[in-house]
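Colleague: Below are the sequence and a predicted model; questions follow.
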Amino acid sequence: MQISVQTDLRQLITDSKKSMSGLKYAYGQLIDLSTWTFNRLIYLTPKSGHTREGERVADTWELKYERYVFLRELEWSILSDNKIIEYLEDGTNEHWIYPKSPGGTLHWIDPKTGKHAFSKGHWVRGIQAVGMIRQTAAELEIKIQKFMTNVETKISN
């Protein structure tokens, strides 16, 4: 799952050849938006979950700058290829979990008692949808609208 943002400042460049400081401001703001989005997703992703590899799910997000033309274009994505992100975003129904290998056992430490627990498989209540991608995308849309207003104001002055 990912959030992708593609921006092209060429129209602003055409509209305002005179304002290099405005373009530098705009580009800096775009970098700030990408960092804000990345940090917001990490913040909203539950910290208690771990991947099968033992990594915290919130730490599977990756910020990737895909296209970068200084003071002209910036395209970036924030993505995670971890399936758990999809489950956290949309939630799951009650379902049966079982060991990865046939004949294996599930193992965890009970958070209430601190004791080791084992199972050949059992039902779990499912995951409540967190919606961190939808929430971040909605907040980002508002920030981008403010960004465009601020840049247009800066360039026109």
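Modeller: Thanks, I have the structure now.
Colleague: And the most centrally placed residue in the chain, which helix or strand is it part of?
Modeller: Nearest to the mean C-alpha position of the chain, by CA atoms, centre = their mean, lies residue 41 at 3.9 Å. Residue 41 belongs to helix 20-44 when assigned by DSSP states H and E.
Colleague: continuing past that helix, what's the next helix or strand?
Modeller: Downstream of helix 20-44, the next assigned helix or strand under DSSP H and E is strand 62-69.
Colleague: what sits up against that following strand?
Modeller: Residues outside strand 62-69 that contact it (CB atoms under 8 Å, 6 or more residues apart in numbering): 6, 34-35, 38, 73-80. C-betas here are computed from N, CA, C, even on glycine.
Colleague: partner strands of it, parallel or antiparallel?
Modeller: Strand 62-69 has its sheet partners listed here by DSSP bridges as strand 73-79 (antiparallel).
Colleague: Hmm, residue 110 is touching residue 119, no?
Modeller: No: counting by CB atoms under 8 Å, residue 119 is not a contact partner of residue 110; they are 11.5 Å apart.
Colleague: what helices or strands is the helix holding residue 41 leaning on?
Modeller: strand 2-8, helix 10-15, strand 62-69, strand 73-79, helix 132-156 (3 or more CB pairs under 8 Å, 6 or more residues apart in numbering; DSSP states H and E).
Colleague: lowest-confidence stretch among those?
Modeller: Among these, helix 10-15 carries the lowest mean pLDDT, at a mean of 59.
Colleague: between the helix holding residue 41 and helix 132-156, how many degrees?
Modeller: Computed by axes from the mean of the first three to the mean of the last three CA atoms, to 10 degrees, the angle separating helix 20-44 from helix 132-156 equals 170 degrees.
Colleague: Can we start the residue count at 58 from this point?
Modeller: Shifting the count to begin at 58 puts that one at helix 77-101.
Colleague: re the thing from before, name the member of the contacts of strand 119-126 that has the highest neighbour count.
Modeller: The most crowded member of the contacts of strand 119-126, judged by other CB atoms under 10 Å, is residue 135 (24 neighbours).
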